[in-house]
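1. Need a 3D model of the sequence below.
(one chain, ligands or ions: 1)
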Amino acid sequence: MQHVRMCVLVGAALLCGILASGIAYGQHGGGLHGPHRFEDPKQWSKAFDAADRDGWQKPNEVLAALKLRPDAIVADIGAGTGYFTVRLAQLVPSGTVYAVDIEEGMLGFIADRAKKTGLENVRTAKGSADSPNLPEKVDLVLIVDTYHHIDARVSYLGKIAASLKPGGRIAIVDFRLDAQRGAPKQMRLSPSLVQDEMRAAGFEQVEAHDFLPDQYFLIFQRKV
Ligand SMILES: C[S@@+](CC[C@H](N)C(=O)[O-])C[C@H]1O[C@@H](n2cnc3c(N)ncnc32)[C@H](O)[C@@H]1O
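-> Residues are numbered from 1 along each chain as shown. Next up is the predicted model:
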């Protein structure tokens with residue numbers, strides 16, 4: 001009992017310390033593992049939507065490289081607080097953007113954000129650990145800084161494949177092993193591992209961009 005009380009106190013102190021000091025981008029290791037890793041959207045928004053993120057994330061360049069039609073149906077898997085969701089929604093005014101996350105809180109935050117910004121083409125979808133649970137087939141799946149959080153990835157990619165339209169693509173942006181910011185180093189995945197897993201799931205790489213300073217940016221399509 002004494003031990004349990006001590007653990008609760010130490011855990012709370014650690015979490016409070018992190019929250020009080022502000023969360024830096026990708027700071028989700030340590031005691032924050034587990035099913036509620038991203039449960040406080042307002043706190044995470046300070047990092048995910050930080051004013052300086054555009055400088056290294058280059059969202060306009062990333063989105064331009066995706067060459068989306070204005071009526072495209074897109075899924076942002078691991079949407080977080082909606083950094084990419086809202087930008088995608090502006091880019092596909094006559095299309096739809098599904099913001100997928102496993103955290104209810106993130107989905108509520110995005111729904112509010114879309115409403116406040118007047119974006120009527122954003123839908124939220126509750127993903128589960130083994131499936132994005134997309135309600136319709138999409139032209140593009142974008143996964144930013146989330147691929148490394150997914151378990152049983154080849155099987156998960158199979159579920160994505162079943163939700164892609166013919167010619168549909170998956171774009172993955174995630175932290176390089178040697179990046180100076182981002183997910184804790186022990187959680188990162190090499191681009192060659194991502195490529196191997198994609199191949200195993202029946203995808204081929206169709207583009208690779210190297211303009212992001214900290215992340216790789218790979219685009220895949222189903223092999224025909
Ligand atoms: C580091 S954040 C990235 C947020 C966003 N993509 C961005 O670039 O700002 C990772 C997000 O992925 C979500 N997530 C983790 N595992 C997931 C899964 N299996 N399916 C869907 N979302 C997941 C987390 O809840 C969190 O909101």
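2. Give me the three-state assignment for the closest residue in space to E103 that isn't next to it in sequence.
-> Nearest residue to E103, sequence neighbours excluded (CB to CB, 6 or more residues apart in numbering): F38, at 5.0 Å. Bear in mind the C-beta positions are built from the backbone N, C-alpha and C, glycine included. Following DSSP: H, G, I helix; E, B strand; the rest coil, the label given to F38 is coil.
3. which ones are touching F38?
-> Contact analysis of F38 by CB atoms under 8 Å, 6 or more residues apart in numbering lists H28, W44, G80, D101, E103, G105, M106.
4. if I look at F175, how far off is the ligand?
-> Between F175 and the ligand the distance is 9 Å, computed by CB to the nearest ligand atom, to the nearest Å.
5. wait, that residue sits on D214?
-> Yes. F175 lies in contact with D214 (CB atoms under 8 Å); the separation is 5.9 Å.
6. Compare the two and say which is more crowded by neighbours.
-> It is F175, of F175 and D214, that has more neighbours when counted by other CB atoms under 10 Å, with 24 against 18.
7. Could you check how far the more buried one is from T81?
-> Separation of F175 from T81 (CB to CB, to the nearest Å): 18 Å.
8. related to what we said a few turns ago, shared neighbours, F175 and D214?
-> Residues touching both F175 and D214 by CB under 8 Å, 6+ apart: R181, G182.
9. Could you pull up the residues touching L119?
-> Counting by CB under 8 Å, 6+ apart, L119 touches V86, A89, Q90.
10. Any regions of the chain where pLDDT drops low?
-> 1-24, 26-36 (pLDDT under 70).
11. again, only this time at 90
-> Applying pLDDT under 90 to the chain flags residues 1-37, 39, 223-224.
12. Get me the contact residues on it for the ligand.
-> Counting by CB under 6 Å from any ligand atom, the chain comes close to the ligand at 38, 48, 77-80, 83-84, 100-103, 106, 127, 129, 144-146, 149-150.
13. Which ones among those residues map onto strands?
-> Taking DSSP state E as the definition of strands, the residues of the chain next to the ligand contribute I77, V100, D101, V144.
14. Using neighbour counts, give me the buried entries of the residues you listed.
-> Among those, those buried by neighbour count (16 or more other CB atoms under 10 Å) are I77, V100, D101, V144.
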